[in-house]
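# got a structure for you, letters missing:
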């Protein structure tokens, strides 16, 4: 399948790189420390015992210099915390999870989730919406299920219009009293059984053994087994501390905060209209239970959709998890969590993520988490970065070094961002996560390879979250706005 | 209420105190005031208690389960909090990462057709179920080049509907490719042509629905017959009939009905060419001789239907009737040869004959499949007749499926802005569902605009994979790959008679 796009008319955008700029001389603080250690070891060795001392101190400054070598995009020294953390957890047995069966001591309303998400509890408001309360981070999150129509087959100006409307929705979170601290959009495919078609056939079909009915039954049987169903969720997370004063007006404690969140929920529903996204409804406790179960174990989705059991929030979490360096296994599924390390740096049109989102026959979750940044702070930050950039360029000019094109591009990006801010757009910190799921380890390897290719087709670079797979799964598969620093 | 030191305290006072108040009344008033104060204070205390309990519960929870995880072994507890380093961008750029791309689908109501090539979800379709919500009428148009797979789709659509208790009628099958399908599903395939014994009277009354009075029924039948006769005459003559010729035709039909209860084409021709000299001179004509002169061209035109190569097909009474209890009835015209110039006339007659038999509002949901529809579309008079039938079909639960080869077939009909072209475009407008298989790039002309295709959709048409079609269901668009069962594959591929398999 190919869809031709016209070259000239559609507006294109491109993303800036994650800033590589450091403290001094283009090196980060950690790298500077390591270089400082190496240099001081060399000087000490020389000073104490001359050249012999220098060679004697070789282990110190040798290791220090080796640690600056980049491996898979990061220097060894930046890998150390991750490797160390994983090794420590492995040693203490914290890379495994087993659900305790003793529920007597559970505080009321707690979702039975593993790891950092263990303290999450649910609060049901007067409209029946299930809001997830994180007592440590102080957030209250509500989840909305949406539905939408074909994007790939409409005219380009319609596509651009929808993308602009979505920009407006995001920008609305950056203006005014920014009580919403996290917005997350999840687009996932869950495996679906052919139950739906079969049940329709059983209700309305004329099953009289005629050729037509036998052929239709054969069709239902031989229909492709790898059917998937798409589901799109948008979640907004209220910052309880920032919303404190206005929530007291509506009521005490979480009730007041829920009222403030309801106001924001209604505003979001209103704004989604122009983006041609239809609202299906806010998730209640039953839907949330199904969501949590299928997020951790997509292979359970066909079973859950077929029957009304399995909607208990107390048992909605996974039963067992085994985490490894580059994958994680939960109940009946294997997952790999990938992080988008580079967004498209070439100019792309609206909907450029289609190779990943419309990937054929894979069970995967595409998640984007946004955190609004206050405009004034963003402008200040941009000014700071521009000053640093300019001084960098001046230093290079003074020392007659060739002007780094990368720096020039970065400066242009900063100016474009500032122009956007002045024009009324907002700034957001954001991260993209891609969770690939499969029933067996081999199928998982194939799926990961395919998705890496598809991401490259979408001009993005994805890398597995080595050493942090289980925590990444909670951030990428659950629409709870977690996982951004 | 007043606020003192962070706590609220309620007070109450009466707004109006009667002057001659007795002591008892005064005591009752004061008690009422105090009751109000107590109620408010109680509510406040309860809310404060609830908030305190909740805060305590949250504090307990925070103590019991730390920020890094539950205490104990095997709890996936870490030593530091997890977070990816975020990127930063303006929202104008972030809008391009528009994630709402997958089409949600029409829902699982209907027969399974195949799957959406973008979202990979199963695609179901049923014009009767969707009529009223997504579709404004249950008719469908299917266009596709030879070899693109449109024949298989048409047969699939029809046979899968049969499995849900619908019926199907194919009033004119020039290539005879529906015969095998009809017989396999247990229906009747009538074979019509020179040398064959089946005879159809296109002027048959047809099925009379319950509750229609005699006068209304006679008028309806008359107008139907006139439409057909006029269409046939105009097509054979090649020109529209003048008003006097039309009057002569009307008179001849009435005379034929009077003399023979069930008129046949032969009776009408006879009444035209040799009108009864004893009948009263009709309004507007000077004499019977004038009537004969005006009726002569029409009579000679209609004679072609019962002489020459079409002799014996439409003469006499029908030797069979449409058995509406069968799941499928088709009329096989392959004996006439595909290139016969009288095929459109034959298809119009068989079409009219079959339509009259299924005009039953209580007949249930039925498909009427007009295969090779372009043959009729090239003749504006026949197209006019077919269209007026379509407008009534909705009330009888009929869904018309018209199958054409190329979209440019519509453009070949008359000049732009001519009546013929507007008739053809009207036919497209009457089809709420449009299914388009591969079209060559040079076929994408004004018809694509008439179909309401966006420029992106138009650009997909030359590159469609086999058995994949662009479906426009109402205002929604899908790219659907047609899946079939082994039984269907066996049946649909063996009945192809063309050398390059029209799959």
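In hand now; what should we look at? Since this is a predicted model, take the numbers as computed values, not measurements.
# which non-adjacent residue is nearest whichever residue of chain B sits closest to chain A?
Using C-beta to the nearest C-beta, residue B:95 is the residue of chain B that sits closest to chain A, at 3.0 Å. (Glycine included, C-beta is placed from N, CA and C.) In space, and not counting its chain neighbours, residue B:95 is closest to residue A:167: 3.0 Å by C-beta to C-beta, 6 or more residues apart in numbering or on different chains.
# tell me the pLDDT at that neighbour?
pLDDT for residue A:167: 93.
# list the buried residues in the helix or strand containing it.
Using DSSP states H and E, residue A:167 sits within helix A:156-174. Neighbour-count burial for helix A:156-174, counted by 16 or more other C-beta atoms under 10 Å in any protein chain shown, picks out A:156, A:159-174.
# can you check stretch B:364-384 too?
Buried residues in stretch B:364-384 (16+ other C-beta under 10 Å): B:365-384.
# ok, now stretch A:365-385?
Residues of stretch A:365-385 classed as buried: A:365-373, A:375, A:378-379, A:381-382, A:385 (neighbour count, 16+ other C-beta under 10 Å).
# and the residues you listed, which of them are in strands?
Counting by DSSP state E, those place A:365-373 in strands.
# what number of residues lie near residue B:284?
Residue B:284 is flanked by 12 other residues according to other C-beta atoms under 10 Å in any protein chain shown.
# what is the neighbour count of the nearest residue to it once chain neighbours are set aside?
In space, residue B:284 comes closest to residue B:247 once its chain neighbours are excluded; the distance is 6.1 Å by C-beta to C-beta, 6+ apart. For residue B:247, the count of nearby residues is 18 (other C-beta under 10 Å).
# one more: the one 4 residues further on?
Counted with other C-beta under 10 Å, the burial measure for residue B:251 works out to 22 neighbours.
# so how far is the helix or strand encompassing it from its chain's centroid?
Assigned by DSSP H and E, residue B:251 belongs to helix B:243-259. Offset of helix B:243-259 from its chain centre (C-alpha atoms, centre = their mean, to the nearest Å): 37 Å.
# other SSEs contacting that helix?
In terms of contacts (3 or more C-beta pairs under 8 Å, 6 or more residues apart in numbering or on different chains; DSSP states H and E), helix B:243-259 is packed against helix B:214-237, helix B:265-273, helix B:288-303.
# surely residue A:99 is in contact with residue A:321?
No - using C-beta atoms under 8 Å, residue A:99 is not in contact with residue A:321; the gap is 9.1 Å.
# quick one: secondary structure of residue A:230?
Here residue A:230 is strand, with the state taken from DSSP: H, G, I helix; E, B strand; the rest coil.
# which residue is the nearest non-sequential neighbour of residue A:481?
Nearest residue to residue A:481, sequence neighbours excluded (C-beta to C-beta, 6+ apart): residue A:182, at 3.1 Å.
# pretty sure that neighbour contacts residue A:371?
Yes - the pair residue A:182 / residue A:371 is scored as a contact, 5.8 Å apart, by C-beta under 8 Å.
# give me the common contacts of the two.
Listed as contacting both residue A:182 and residue A:371 by C-beta atoms under 8 Å, 6 or more residues apart in numbering or on different chains are residue A:484.
# which stretches of the chain have low pLDDT?
With no chain named, the answer covers chain A. Within chain A, the ranges that satisfy pLDDT under 70 run A:1-10, A:17-28, A:102-106, A:194, A:224-226.
# to clarify, I was referring to chain B.
B:1-8, B:412, B:414-417, B:443-447, B:494-503.
# longest helix of it, counting residues only.
Longest among the helix segments of chain B by residue count, using DSSP state H, is helix B:23-64.
# and for the nearest residue to residue A:46 once chain neighbours are set aside, the neighbour number?
Closest residue to residue A:46 apart from its sequence neighbours, by C-beta to C-beta, 6+ apart: residue A:54 at 5.1 Å. Number of residues near residue A:54 (other C-beta under 10 Å) recorded here: 18.
# ok, now how distant is residue A:54 from residue A:41?
Counting by C-beta to C-beta, to the nearest Å, the gap from residue A:54 to residue A:41 is 9 Å.
# check residue B:73 too.
Between residue B:73 and residue A:41 the computed distance is 41 Å (C-beta to C-beta).
# the two: who's more crowded?
Shown here are residue B:73 and residue A:41; by other C-beta under 10 Å, residue A:41 has more neighbours (21 against 12).
# so who does that one touch?
Applying C-beta under 8 Å, 6+ apart to residue A:41 gives the contacts A:57, A:60-61, A:64.
# the residues you listed: which two are farthest apart?
By the measure C-beta to C-beta, A:57 and A:64 form the most distant pair in the contacts of residue A:41, at 10.2 Å.
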